[in-house]
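Engineer: 3D model of this:
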Amino acid sequence: MDFRELETFIAIVEKGSISAAAAALGVSQPAVSKRVARLEKEMGATLFAKGHKHSSLTSEGSVFYKSALRMLDCRKKTKLQIAEISEELYGSVTISASSIPGDYILPTFLVEFIERHPGVDVKVRVGDSQTALEDLSLRKADLAIVGTDRSLPGFSSVPFLNDELVLVVGRRHPLATKKSVGLEEIASLKLAGRSSGSGTRQIWERAYKSVEAGSKDIPLQFGHALAVVNAVASGAEAGVVSRVAAESNPDVAVIAFEPPVRRPFYMVYGLCETKAVESLVSFLMEKAESREV
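Structural biologist: Next up is the predicted model:
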């Protein structure tokens, strides 16, 4: 028995079939079937009920499933304990980030971090600010980088980097030659924009409501800023996005707001339970202090 076999067995149970487990693990279905056969041979018992695509456990399989979870948890805890006393940094860290830091800022920072600490695995989940904070509160992530300052009980929230929101239009749009516009000028524009959980959208809508009565309709919505920019480049009239996303596409004109619409990103984290998490938080704060978006 090896840990790959245990992980495969658990994946079949949790994904519901051999095919789904194979896809999740990135191996072939025959390889998954062989691992199950080796487990059943070693345990001397049939673990999955026949005729159920290996998703329904036998009584013996149910007992083994609980034990497999405990064994993998024990391995994880042991690795963390060893990492804590080792001079080298080991472990894994999961970051949940909104799209601007996740797509444009963190990649450069994290390449440098991994070069310094090759024993650490870093996984980045990219979505919107609301999803990132939900991941953190559900312990699916060790820290979050988001575009809104929303406190979570038991977590620290500190400013990370500053960002500017801008208007993007097509190169032939009447506004394309302007250097700046007032927020009230977007009242008549048909906007493509971010989804409701986006920090970008929450920030500019708040600023818009301060100069115009009521809210602005967004008929075309995307989960990522790059999609908004590409939509404008493809013919959508206008969009409001981060400057770093806007300047990634030469086919749109980037127009500042006057007065400027700025917002900070925030790093949100709880107790740094491992050296890897603690080191990454410290590293990101150091990088943020030496750079502005």
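Engineer: Endpoints of stretch 231-241, how far apart?
Structural biologist: When the termini of stretch 231-241 are compared using Cα to Cα, to the nearest Å, they are 12 Å apart.
Engineer: in the stretch 51-200 of the chain, what spans have low per-residue confidence?
Structural biologist: Residue ranges of the stretch 51-200 of the chain with pLDDT under 70: 51-55, 83-87.
Engineer: how about the host helix or strand of Asp73: buried residues?
Structural biologist: For Asp73, the host element (DSSP states H and E) is helix 59-85. Buried residues in helix 59-85, counted by 16 or more other Cβ atoms under 10 Å: 61, 64-65, 68, 80, 83. Backbone N, C-alpha and C define where each C-beta goes, glycine included.
Engineer: Which residues are in contact with Ile186?
Structural biologist: 167, 208, 216, 238, 240 (Cβ atoms under 8 Å, 6 or more residues apart in numbering).
Engineer: quick one: which of these sit in strands?
Structural biologist: 167, 238, 240 (DSSP state E).
Engineer: what's the burial count for the second one?
Structural biologist: Meaning Ala238. Per other Cβ atoms under 10 Å, the neighbour tally for Ala238 reads 25.
Engineer: Can you give me the distance of it to Ala187?
Structural biologist: Look at Ala238 and Ala187: by Cβ to Cβ, to the nearest Å, they are 11 Å apart.
Engineer: Equivalent analysis for Gly199, please.
Structural biologist: For Gly199, the distance to Ala187 equals 22 Å [Cβ to Cβ].
Engineer: Comparing those two, which residue is more hemmed in?
Structural biologist: Legend: neighbour count by other Cβ under 10 Å for Gly199 and Ala187, higher for Gly199 (27 against 13).
Engineer: What sits closest to the more buried one if chain neighbours are left out?
Structural biologist: Gly147 (2.5 Å; Cβ to Cβ, 6 or more residues apart in numbering).
Engineer: show me the contacts for the one you found.
Structural biologist: Applying Cβ under 8 Å, 6+ apart to Gly147 gives the contacts 98, 100-101, 129, 163, 198-200, 202-203, 263, 265-266.
Engineer: Just the element for the closest residue to Arg150 other than its chain neighbours, please.
Structural biologist: Of all residues not flanking Arg150 in the chain, Leu133 sits nearest, at 6.2 Å (Cβ to Cβ, 6+ apart). In this assignment (DSSP H and E), Leu133 forms part of helix 129-137.
Engineer: how close does the residue lying farthest from the centre of the chain sit to Gly197?
Structural biologist: Most distant from the centre of the chain: Gly44, at 42.2 Å, with distances by Cα atoms, centre = their mean. Distance of Gly44 to Gly197, given as Cβ to Cβ: 51 Å.
Engineer: and if you look at Lys76?
Structural biologist: Distance from Lys76 to Gly197, by Cβ to Cβ: 31 Å.
Engineer: One more: Ser156?
Structural biologist: Distance of Ser156 to Gly197, computed by Cβ to Cβ: 22 Å.
Engineer: neighbour-wise, which of those two wins?
Structural biologist: Gly197 (18 against 15).
Engineer: Would you mark the buried spots in stretch 270-283?
Structural biologist: 270, 272, 274-281, 283.
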